[in-house]
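> got a predicted structure plus its sequence, pasted below:
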Amino acid sequence: MASIRLWTFQRELVAEFLSQNSSYHASWDWTPSNWRKAYRWMAKCLQERTREVSNAAPVWCWHSCNGQPGGPPTVWTARALLSDYDFEQGVVMLTLSVPEELTLASSYWVWNGFLDYVIVHRALPRSRRWRRRMLQAPLFKHDTDDVQAVIPFIRTEWIENIAKVIIAGRNDDEHL
């Protein structure tokens, strides 16, 4: 069973939970309500790929950042996703080694277009073009695109490293 390295930003509370439990399933409560249609669509795509049935929200990870296959997240990646409030609450980056068959990779750039469409129209697009563009190789759509991945849960045995995310005084292109 092949594994791939992924990175995920999580609240420190998730790391604490994983220190006492064997797995973590994401709650839909943490998903903004106007994003849920898109997130549920991605969860369905993940379930089709993995055959893992779950009522939990998908766990969002990074597969490759800044157009570099296997490239880890940078300070810029964290700043683009997380607010000052998130950093005040405490954010960690988990480095994971996840069985490849439990992952669904996609273009971050295309995903953002899809998410914007769903937010504006309050509905999923009718065209399957989004799915093809987002989920089919090549996943990098331009030089600075990132490849994200979703997984159904986190198992403690997959954790390679947990590091507090500190961005103050760091350059945007520095790896975390």
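Structure's in. What do you need?
> host element of the residue positioned nearest the centre of the chain?
Centroid-nearest residue in the chain, with Cα atoms, centre = their mean: Trp60, separated by 2.1 Å. Element membership of Trp60, judged by DSSP states H and E, is strand 59-64.
> tell me the SS of Leu115?
When classified by DSSP: H, G, I helix; E, B strand; the rest coil, Leu115 comes out as helix.
> got the contact list for it?
35, 38 (Cβ atoms under 8 Å, 6 or more residues apart in numbering). Backbone N, C-alpha and C define where each C-beta goes, glycine included.
> which residue is the nearest non-sequential neighbour of Glu160?
Thr95 (4.4 Å; Cβ to Cβ, 6 or more residues apart in numbering).
> brain fart, Pro125
Computed as Cβ to Cβ, 6+ apart, the closest residue to Pro125 that is not its neighbour in sequence is Tyr117, at 5.5 Å.
> what about the one you found, neighbour count?
16 (other Cβ atoms under 10 Å).
> my understanding was that it contacts Arg126; is that so?
No: in this structure, Tyr117 is not within contact of Arg126 by Cβ atoms under 8 Å, at 10.7 Å.
> what's the overlap in contacts for the two?
Counting by Cβ under 8 Å, 6+ apart, nothing touches both Tyr117 and Arg126.
> how about the helix or strand that the strand holding Trp60 is followed by: buried residues?
Next along the chain after strand 59-64, taking DSSP H and E as the criterion, comes helix 75-81. Residues of helix 75-81 classed as buried by neighbour count (16 or more other Cβ atoms under 10 Å): 75-78.
> how about the strands in the chain?
Using DSSP state E, the strands assigned to the chain run over residues 3-11, 23-24, 59-64, 91-99, 104-107, 147-151, 154-155, 159-164.
> which one of those is the most hemmed in?
Stretch with highest mean neighbour count among the strands of the chain: strand 147-151 (a mean of 25; mean count of other Cβ atoms under 10 Å).
> which neighbouring elements make contact with it?
Packing partners of strand 147-151 (3 or more Cβ pairs under 8 Å, 6 or more residues apart in numbering; DSSP states H and E): strand 3-11, helix 36-50, strand 59-64, strand 91-99, strand 104-107, helix 108-121.
> which positions in the second one come out as buried?
Of the residues in helix 36-50, those scored as buried under the neighbour-count criterion (16+ other Cβ under 10 Å) are 38-43, 45-46, 49-50.
> quick one: contacts of it?
28, 31, 52-54, 57-58, 101-104, 106, 111, 114-115, 118-119, 122-124, 131, 135, 150-152.
> do stretch 16-23 as well
24, 153-157, 159.
> let's have the residues you listed in a markdown table, adding pLDDT and distance to Gly169.
As requested, these are exported to a markdown table (pLDDT from 0 to 100; distance: Cβ to Cβ, whole Å):
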| residue | pLDDT | distance to Gly169 |
| --- | --- | --- |
| Tyr24 | 98 | 30 |
| Phe153 | 98 | 34 |
| Ile154 | 98 | 29 |
| Arg155 | 98 | 34 |
| Thr156 | 98 | 32 |
| Glu157 | 98 | 34 |
| Ile159 | 98 | 27 |
